[in-house]
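Trainee: build me a model from this:
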Amino acid sequence: MKTSIAAVLAGGRFGAPAMTYFMAPQIAFEAPNDQGIKAMAEEIKAQHKKDIAAACDPIKEIAEKALSMAKDGEKLGDTLKGDIDEALKKLNERVEDATSDFEQKMAKLGTGGDDKPKSIGEQFTESEGFKAFQDSSFSKSARGADMQVKATLTSATTDSAGSVGDAINQTRLPGILPLAQRRMTVRDLLSPGRMDGNTLEYVKETGFTNSAAPVAEGSAKPESDIKFDLVTTSAKVIAHWMKASKQVLSDISQLRSIIDQRLLYGLAYVEESQLLNGDGTGQNLHGIIPQATAYSAPVTSIEDLTILDVMRLAMLQAALAEYPATGHVLNPIDWTTIELRKDDIGRYIIGQPQGSTSPTLWNLPVVETQAMTSGKFLTGAFRMGAQIFDRWEGRVESGYVDDDFIKNLVTLLGEERVALAVYRPEAFIYGDFNTALAA
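Mentor: Modelled structure (predicted):
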């Protein structure tokens, strides 16, 4: 703020004081970084010098007025002397204020500017405009004090000064990013089939006595024996559902396909576990593992037995049962352990870091699935020993349930109906690596 001493003098000689108050927008000093400290200090010093010069301007004007009067032979009146005294008083005050402000800014610059920001009230009462208005004893002829404060613009969305977050556009990528999905593999190992009705029956040979032998002329032929058993199983329903509003299905074109795909994936996820581990109780399938033959090494003279040896002996066990194995099922952890095995000089035995061929072990495909418990293995003649039957293939249906219609809701149902026939339990060899290696 700058008060014109000339205007004060004019008022003293010709009439009532005419005082004008104006204050420029306040400059807020922010904490500078290390590279800008020197430049900021120079700026503060220059501003301090400018403030001191501005404080001296009224004295210069009065001095010029007094010199002009003396030159014209006029005497200095009491009013002019009083103005000089008042101007000197204000000069001292303004110099003190400018010096104090300079010291505070330099101190803040040295401490990184960590002081908390001043409130609007504090800024107003400490402003030059208010102080000058206060020095005039709040004269009615004065226009008062004026201060302009500009709020710091931030990305906040609250209802506060400077909050412009609501005006910022958001970036959203198109489509929906789905969750990870397990790759289903066990079904592909089995022979596919279809069935009519709910019940599946098949006749299984359970025994055979082979008495065939060379026979002399005129001698009686030996009699052989064979036994059969009728096995009955039923199709089991695997199902789940979701609800969605008609509006959202219409507004988000991709959503319906995502829901359909997720419903079908859920069916396949449970199916894979049922094919391997279903215990046959209630509405569970009777899976392969509960019916498989326990691993029992046909050869016990192998020294320094390894996991690779166990898998080869399981193949032998199936072959001796007249069902040559067609594949292995392992947990991904166990297959990784096998692939990372090295010989004495650090070369990989099974795995090829740069290879791209399908996983195989002893010339048989390896199927990795987390439906198999880590540390366990299943080796067998899958297509000969078991078959999966689809009564209802996996499908998604929609309809109204209860009060869906009046609520604009749609119920989406995913379900399938399958049966599993394990013809020859001896065609599958199931075991535990720790138990097999400890034997």
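Trainee: contact partners for Arg424?
Mentor: Contact analysis of Arg424 by CB atoms under 8 Å, 6 or more residues apart in numbering lists 204, 321, 323, 381, 384-385. The C-beta positions use only the backbone N, C-alpha and C, and glycine is treated the same way.
Trainee: and with 7 Å instead?
Mentor: By CB atoms under 7 Å, 6 or more residues apart in numbering, the contact list for Arg424 reads 323, 384-385.
Trainee: one more: Pro425?
Mentor: 291-293.
Trainee: possible to save those as a markdown table with pLDDT and distance to Gly280?
Mentor: Output for the contacts of Pro425, formatted as a markdown table (pLDDT from 0 to 100; distance: CB to CB, whole Å):
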| residue | pLDDT | distance to Gly280 |
| --- | --- | --- |
| Gln291 | 92 | 8 |
| Ala292 | 94 | 13 |
| Thr293 | 93 | 17 |
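Trainee: among these, which lie within helices?
Mentor: Mapping the contacts of Pro425 onto helices (DSSP state H) picks out Gln291.
Trainee: which one of the contacts of Pro425 is nearest to Asn434?
Mentor: Nearest to Asn434, judged by CB to CB, of the contacts of Pro425 is Ala292 at 17.8 Å.
Trainee: distance-wise, check the closest one relative to Asp97.
Mentor: For Ala292, the distance to Asp97 equals 94 Å [CB to CB, to the nearest Å].
Trainee: more neighbours, those two?
Mentor: Ala292 (22 against 15; other CB atoms under 10 Å).
Trainee: list the contacts for the residue nearest to Ala386 when sequence neighbours are not counted?
Mentor: Spatial nearest neighbour of Ala386, excluding adjacent residues (CB to CB, 6 or more residues apart in numbering): Val422 at 4.8 Å. Counting by CB under 7 Å, 6+ apart, Val422 touches 286, 288, 291, 385-386.
Trainee: any low-confidence regions in the stretch 101-250 of the chain?
Mentor: For the stretch 101-250 of the chain, the stretches with pLDDT under 70 are 102-103, 105-125, 129-130, 133-157, 159-169, 171-184.
Trainee: got the contacts of Pro425 as a markdown table, with distance to Phe228 columns?
Mentor: Shown next, in a markdown table, are the contacts of Pro425 (distance: CB to CB, whole Å):
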| residue | distance to Phe228 |
| --- | --- |
| Gln291 | 18 |
| Ala292 | 22 |
| Thr293 | 20 |
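Trainee: which pLDDT value goes with the residue nearest to Ala386?
Mentor: pLDDT recorded at Val422 is 91.
Trainee: cool, and the one 4 residues further on?
Mentor: The score at Glu426 is 90. That number is its pLDDT.
Trainee: all further residue positions should be reported with the first residue as 21.
Mentor: Sure, I'll start counting at 21 from here, so that last one is Glu446.
Trainee: chain neighbours aside, what residue packs nearest to it?
Mentor: Ala341 is the one closest to Glu446 (CB to CB, 6+ apart), at 4.3 Å.
Trainee: need the contact partners of the helix or strand Ala338 falls within.
Mentor: Assigned by DSSP states H and E, Ala338 belongs to helix 327-340. By CB under 7 Å, 6+ apart, the surrounding residues in contact with helix 327-340 are 315-319, 322, 344-345, 348, 358, 381-382, 397, 399-401, 447, 449, 451, 453, 456-457.
Trainee: let's see that with 6 Å instead.
Mentor: 315, 317-318, 322, 345, 358, 381-382, 399-400, 449, 453, 456 (CB atoms under 6 Å, 6 or more residues apart in numbering).
Trainee: which helix or strand lies directly C-terminal to that helix?
Mentor: Downstream of helix 327-340 (by DSSP H and E), the next one is strand 347-350.
Trainee: quick one on the thing from earlier: which one among the contacts of Val442 gets closest to Gly102?
Mentor: Nearest to Gly102 among the contacts of Val442, with distances taken as CB to CB, is Ile308, at 112.7 Å.
Trainee: how about that closest one, what does it touch?
Mentor: Shown in contact with Ile308 (CB under 6 Å, 6+ apart): 296, 406, 442, 448.
Trainee: in helices, which of these appear?
Mentor: Per DSSP H, the contacts of Ile308 map to helices at Leu296.
Trainee: buried subset of the contacts of Ile308?
Mentor: Among the contacts of Ile308, those classed as buried by 16 or more other CB atoms under 10 Å are 296, 406, 442, 448.
Trainee: could you dump those residues into a markdown table with distance to Ile72 added?
Mentor: Listed next are the buried ones among the contacts of Ile308 as a markdown table, based on distance: CB to CB, whole Å:
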| residue | distance to Ile72 |
| --- | --- |
| Leu296 | 89 |
| Ala406 | 99 |
| Val442 | 101 |
| Phe448 | 98 |
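Trainee: narrow those residues to those in strands?
Mentor: 406, 442, 448 (DSSP state E).
Trainee: strands along the stretch 171-320 of the chain, start to end?
Mentor: For the stretch 171-320 of the chain, the strands defined by DSSP state E, counting those that start in this stretch cover 211-214, 219-229, 245-254, 256-265, 313-314.
Trainee: which one of the ones you listed lies closest to Glu84?
Mentor: Taking these one by one with CB to CB, strand 256-265 is closest: 83.7 Å.
Trainee: run me through the strand neighbours of that closest one, direction for each.
Mentor: strand 429-442 (antiparallel) (DSSP bridges).
Trainee: quick one: the partner strand to strand 245-254, angle?
Mentor: Relative orientation of strand 429-442 and strand 245-254, computed by axes from the mean of the first three to the mean of the last three CA atoms, to 10 degrees: 170 degrees.
Trainee: list the buried residues for strand 429-442?
Mentor: 429-430, 432, 434-442.
Trainee: for stretch 213-226, same thing?
Mentor: Across stretch 213-226, burial judged by 16+ other CB under 10 Å covers 215, 220.
Trainee: for beta bridges, what are the partners of Thr399?
Mentor: His348, Ile449.
Trainee: surely it and Tyr343 touch.
Mentor: No - using CB atoms under 6 Å, Thr399 is not in contact with Tyr343, being 10.5 Å away.
Trainee: what about those two, which has more around it?
Mentor: Per other CB under 10 Å, whichever of Thr399 and Tyr343 has more neighbours is Thr399, with 31 against 22.
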